[in-house]
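A.B. asks: this one's structure only:
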């Protein structure tokens, strides 16, 4: 048991206490935001913004730039989603006086969403690849002196980061747009992130993604159920 605990948490012995506390707070707020998303509560966004802001700072300090840009994007899309969901809630309330306080209308993905998703995926992979290509320069205090560049320096972690970043960015955009299928992307990306973050030595974050995966499966079926109720009410 002691060996297992050392494997899981041994790396934290070298971390500043502040970083450990911030990571735990970020995880707590992250899990809370996913639970709120399952319930279609607009509070998912302000709660999620706390988590993403913390991780932007931590990931910059840990020089995990792909992950950092994911969370920076989450922050931007969180603001957009907060506006979009709040606007939709007001519209639902106006059209249906019997609607509950947190009622949001949800939708299935449409063919018109595909070009935006493809653009996000391609743009994300290209951008993250560029960041990792110039990582030696970034790690060298943004100096080219002595820095060696090349794709031969990429590792399997870098390529996996490109994949998960693209999935996360598409999922966040679909979530902000109230599309049910965003949960399917979360499930895949979260599941991939579990071993990835264990490998990176961020055990609390890896455990967070275990919880995220389970909640995403649960939430997908919950949103499907709510969509059926919503559709029934619209035709009643």
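C.D. replies: Arrived safely, thanks for sending. Just so it is clear, the structure is predicted and the values come from calculations on it, not from any experiment.
A.B. asks: could you pull out the helices for this structure?
C.D. replies: Using DSSP state H, the helices of the chain run over residues 2-9, 17-38, 44-61, 65-95, 114-133, 135-139, 156-176, 182-200, 203-235.
A.B. asks: packing partners for the third one?
C.D. replies: What that stands for is helix 44-61. helix 17-38, helix 65-95 (3 or more Cβ pairs under 8 Å, 6 or more residues apart in numbering; DSSP states H and E). Every C-beta, even on glycine, is put in place using the N, C-alpha and C of the backbone.
A.B. asks: with the last one instead?
C.D. replies: If you count contacts as 3+ Cβ pairs under 8 Å, 6+ apart, helix 203-235 packs onto helix 17-38, helix 182-200.
A.B. asks: quick check: buried residues in that helix?
C.D. replies: Of the residues in helix 203-235, those buried under the neighbour-count criterion (16 or more other Cβ atoms under 10 Å) are 203-209, 211-213, 215-217, 219-220, 222-223, 226, 230.
A.B. asks: next, format the helices and strands packed on helix 44-61 as JSON lines and append distance to residue 50.
C.D. replies: Output for the helices and strands packed on helix 44-61, formatted as JSON lines (distance: least, Cβ to Cβ, whole Å):
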{"stretch": "helix 17-38", "distance to residue 50": "4"}
{"stretch": "helix 65-95", "distance to residue 50": "10"}
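A.B. asks: of all those helices, which one is nearest residue 115?
C.D. replies: helix 65-95 (17.6 Å; Cβ to Cβ).
A.B. asks: mind listing what's buried in that closest one?
C.D. replies: In terms of neighbour count (16+ other Cβ under 10 Å), helix 65-95 has its buried residues at 65-75, 77-78, 81-82, 84-85, 88-89, 92.
A.B. asks: what's the angle from it to helix 182-200?
C.D. replies: 150 degrees (axes from the mean of the first three to the mean of the last three Cα atoms, to 10 degrees).
A.B. asks: so what does helix 65-95 touch, helix or strand wise?
C.D. replies: So helix 65-95, by 3+ Cβ pairs under 8 Å, 6+ apart, packs with helix 44-61, helix 114-133, helix 156-176.
A.B. asks: quick one: mean pLDDT over it.
C.D. replies: Averaged across helix 65-95, the pLDDT comes to 80.
A.B. asks: how about stretch 189-209?
C.D. replies: Computed over stretch 189-209, the average pLDDT equals 86.
A.B. asks: ok, stretch 218-236 next?
C.D. replies: 81.
A.B. asks: now stretch 115-135
C.D. replies: For stretch 115-135, the per-residue pLDDT averages 89.
A.B. asks: can the helices and strands packed on helix 203-235 go into CSV with extra columns for mean neighbour count?
C.D. replies: Formatted as CSV, these follow (neighbours: other Cβ atoms under 10 Å):
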stretch, mean neighbour count
helix 17-38, 18
helix 182-200, 20
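A.B. asks: turn those helices into a markdown table, including distance to residue 114.
C.D. replies: Compiled in a markdown table, the helices and strands packed on helix 203-235 are given as follows (distance: least, Cβ to Cβ, whole Å):
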| stretch | distance to residue 114 |
| --- | --- |
| helix 17-38 | 23 |
| helix 182-200 | 13 |
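A.B. asks: of all those, which one is nearest residue 154?
C.D. replies: Residue 154 lies closest to helix 182-200 among these, at 14.8 Å (Cβ to Cβ).
A.B. asks: so the closest one versus helix 17-38, what angle?
C.D. replies: Going by the same axes, to 10 degrees, helix 182-200 makes 160 degrees with helix 17-38.
A.B. asks: what residues does helix 182-200 touch?
C.D. replies: Residues from elsewhere that reach helix 182-200 (Cβ atoms under 8 Å, 6 or more residues apart in numbering): 64, 157, 160-161, 163-164, 167-168, 170-175, 203, 205-206, 209-210, 212-213, 216-217, 219-220, 223.
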